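In: What follows is a predicted protein model with its sequence.
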Amino acid sequence: MRTLFLAWQAPEDRAWFPVGRLDADTEHSRYQFHYTRGAGQARMEGFHPIASFPDFEAFYESSELFPMFKNRVLGSQRRDFKSYLESLALEASDPISILAISGGERQTDSFEVFPKIEKGSDGSFSCRFFLHGLRHMSPTAQLRAGNLREGEALGVSVELNNPKYGLAIQLTSQDYEFLGWTPRYIVADVLKAINKTHDISARVVKVNAESVPLNRRVLVELQGILPVDYEPMTDDMFLPFSMSA
């Protein structure tokens, strides 16, 4: 099983909530979806059940990827599909892998997809994502990002007073140019790695051409070691909604 979470952004304060969990066994064509407790918190901000998943407490199963997720993957029949895969540094057209990196964002709704961080037996973890916030950076920072090299190391630092999220994780070039941030959904886990093991690193996987939108321009891989007694993405908002008190 591979796990993706579905996040929803509130329209007023733009806060993000993990509202659902997808478990996918593509080899055996088994897909499961259920809401998380984050959906309960999101209801306070105006979140309603998704039409294809009308019951907050139900567990949904299917032999095919649910349309809610399938429709967020570029169709393989598209002429630009091969270049799209290349921009994600992927060779196979597995929709779960595509969603894990692309985020499945659409202009028509307020949802985003992200993968569950998996911790190895030695405490190690790694995740790939596109550099966040590059479109808000200065022209100098955008130029520096475009000149990054594949394999180049990036600096990782904690931002304590981010005006939007409070805590955030910044990424910088080796010559100290501030380039952007990690996704907000890994901040808590990265902070655990930094505070407890001091073992965290980031590198550039791919730099896409200027024709690719800025939100898919720089693909980053982050690696670290988590504490032995800590499991990522298991706090209250990630638990099944049906377990709510």
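Out: Great, that's in hand.

In: from here on, contacts and neighbour counts on C-alpha atoms
Out: Noted.

In: shaky segments in the protein?
Out: 243-245 (pLDDT under 70).

In: element containing the residue most central in space within it, please.
Out: With distances taken as C-alpha atoms, centre = their mean, the residue of the chain nearest its centroid is Phe114 (3.3 Å). Using DSSP states H and E, Phe114 sits in strand 111-115.

In: name the helices or strands packed onto that strand?
Out: strand 2-9, helix 95-102 (3 or more C-alpha pairs under 8 Å, 6 or more residues apart in numbering; DSSP states H and E).

In: Go through the ones you listed and name the closest to Leu88.
Out: Between Leu88 and these, the tightest spacing by C-alpha to C-alpha is seen for helix 95-102, at 6.8 Å.

In: ok and the closest one relative to strand 111-115, angle-wise?
Out: Counting by axes from the mean of the first three to the mean of the last three C-alpha atoms, to 10 degrees, helix 95-102 lies at 110 degrees to strand 111-115.

In: so what secondary structure elements neighbour helix 95-102?
Out: strand 2-9, strand 111-115, strand 124-130.

In: How many residues are close by Gln9?
Out: Neighbourhood size, Gln9 [other C-alpha atoms under 10 Å]: 19.

In: if I read this right, it contacts Gly38, doesn't it?
Out: No - counting by C-alpha atoms under 8 Å, Gln9 does not reach Gly38; the two are 11.4 Å apart.

In: To Phe241, which of the helices and strands packed on helix 95-102 lies closest?
Out: strand 2-9 (13.2 Å).

In: and the strand holding Phe114 with strand 2-9, angle?
Out: 150 degrees.

In: what sits up against strand 111-115?
Out: 3-9, 99-101, 103-105, 185 (C-alpha atoms under 8 Å, 6 or more residues apart in numbering).

In: cool, and stretch 16-30?
Out: 1-10, 31-42, 61-65, 96, 237-238.

In: Can I get the buried part of those as one ChimeraX selection?
Out: This is how ChimeraX selects the buried members of the contacts of stretch 16-30, with burial counted by 16 or more other C-alpha atoms under 10 Å:
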select :3,4,5,6,7,8,9,10,31,32,33,34,35,36,37,38,39,40,42,61,65,96,237,238
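
In: Can you tell me the closest non-neighbouring residue to Val19?
Out: Closest residue to Val19 apart from its sequence neighbours, by C-alpha to C-alpha, 6 or more residues apart in numbering: Ala39 at 4.2 Å.

In: I'd assumed Ser242 was in contact with that neighbour.
Out: No - with contact defined as C-alpha under 8 Å, Ala39 does not count as touching Ser242 (10.8 Å).

In: Run through the strands of this structure in chain order.
Out: Secondary structure of the chain (DSSP state E): strands at 2-9, 16-25, 30-35, 59-62, 111-115, 124-130, 153-162, 166-172, 178-181, 200-207, 218-225.

In: out of the contacts of strand 111-115, what pair is the most spread apart?
Out: Thr3 and Gln9 (19.9 Å).

In: coming back round to it: save the strands of the chain as JSON lines, and put in distance to Pro139 too.
Out: Shown next, in JSON lines, are these (distance: least, C-alpha to C-alpha, whole Å):
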{"stretch": "strand 2-9", "distance to Pro139": "28"}
{"stretch": "strand 16-25", "distance to Pro139": "28"}
{"stretch": "strand 30-35", "distance to Pro139": "40"}
{"stretch": "strand 59-62", "distance to Pro139": "46"}
{"stretch": "strand 111-115", "distance to Pro139": "27"}
{"stretch": "strand 124-130", "distance to Pro139": "18"}
{"stretch": "strand 153-162", "distance to Pro139": "19"}
{"stretch": "strand 166-172", "distance to Pro139": "15"}
{"stretch": "strand 178-181", "distance to Pro139": "10"}
{"stretch": "strand 200-207", "distance to Pro139": "17"}
{"stretch": "strand 218-225", "distance to Pro139": "15"}
